[in-house]
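> build me a model from this:
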Amino acid sequence: MIDDWPSTPEEAVALQLRMAPLVDPHPPADFRPRTAAGLDVAYAEDRLCAAVVVVDLASLETVDQAVVPGVTDFPYVPGLFAFRELPALLKALERLTTSPDLLICDGQGVAHPRRFGLASHLGVVTGLPSIGVAKTPMGHYDPPGPERGDWTELRDGDDVVGRALRTQREVKPLFVSIGHRTDLDTASDLVLRLAPRYRQPETTRRADHLCRAALVLDR
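Have a look, this model is predicted:
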């Protein structure tokens, strides 16, 4: 579904509107993921590095990783980040030697103006369950309680689009939304499993470190 890739914001918005109904808000039957892949992108002007790090959910050990340098010529437009990042992230996924059970994106899923952020786009294109875990909200929420695991609804108008989830005691919440083939309870549980010590899940932390280091080396 990245053939005839949009070259303008107008084309990108139209593609999001066409693909948003493909999002499945239910996990697969007997969904018991063993591995999760974190995805992130680092930038330096028009250059980028996309990284994927696969983590074993039981041990939190890194079991695979890949990084892809590239360039982007798609404009910086809020709500259209997928069109800058998704081609390079798909190349990084193709370079893995293992097939992850789950994708964790540093960005939004259905917590998006057109209910089709990066996590949803990646999930629909790959067919894999995916979760959006963002540092900033897309919508309105009441602060959750102070304890790890406390959460409140993230809303856009009348729609519940995600959760403000406290991953560590008295630390700023993260904003979790479904990407594809998952639900909010499952997504929240998995994010907490992946974040035993820090605010961010280990998948995101490691992918962030990898793409930043690779970008420096690529200069």
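> quick one, strands of this protein?
In the chain, the segments counted as strands under DSSP state E are 35-44, 47-56, 62-71, 103-105, 130-134, 151-156, 159-165, 174-180.
> how about residues contacting the fourth one?
By Cβ atoms under 8 Å, 6 or more residues apart in numbering, the surrounding residues in contact with strand 103-105 are 36-39, 117-119, 122-123, 126, 128-133, 179, 190-191, 194, 201, 203-204. All C-beta spots, glycine's among them, are computed from the backbone N, C-alpha and C.
> how about 6 Å then?
36-39, 118-119, 122, 128, 130-133, 201, 203 (Cβ atoms under 6 Å, 6 or more residues apart in numbering).
> quick one: which of these is nearest Gly149?
Pro201 (13.8 Å; Cβ to Cβ).
> surely the closest one is in contact with Leu194?
Yes. Applying Cβ atoms under 6 Å, one finds Pro201 in contact with Leu194, separated by 3.5 Å.
> the more surrounded of these two?
When Pro201 and Leu194 are compared for neighbours, Pro201 comes out ahead with 27 against 24, by other Cβ atoms under 10 Å.
> need the helix or strand of this structure with the lowest average pLDDT.
Sorting the helices and strands of the chain by mean pLDDT, DSSP states H and E puts helix 202-217 at the bottom, at a mean of 91.
> so where's this structure shaky on pLDDT?
The model of the chain has pLDDT under 70 over residues 1-3, 217-219.
> hmm, 90 instead?
For the chain, applying pLDDT under 90 flags the ranges 1-5, 7, 30, 44-47, 70-76, 214-219.
> ok, the residue positioned nearest the centre of it to Leu93 distance?
With distances taken as Cα atoms, centre = their mean, Cys105 lies nearest the centre of the chain, 1.4 Å away. As judged by Cβ to Cβ, to the nearest Å, Cys105 and Leu93 stand 12 Å apart.
> phi, psi for Leu80 please.
When read as degrees, to the nearest 10, the backbone of Leu80 gives phi -130, psi 30.
> count of residues packed around it?
Other residues close to Leu80 by other Cβ under 10 Å number 20.
> contact partners for it?
Pro9, Ala12.
> distance check, it against Leu15.
10 Å.
> residues touching the nearest residue to Pro137 once chain neighbours are set aside, list them.
In space, and not counting its chain neighbours, Pro137 is closest to Phe175: 4.7 Å by Cβ to Cβ, 6 or more residues apart in numbering. By Cβ under 6 Å, 6+ apart, the contact list for Phe175 reads Ala134, Pro137, Leu154, Gly162, Ala164.
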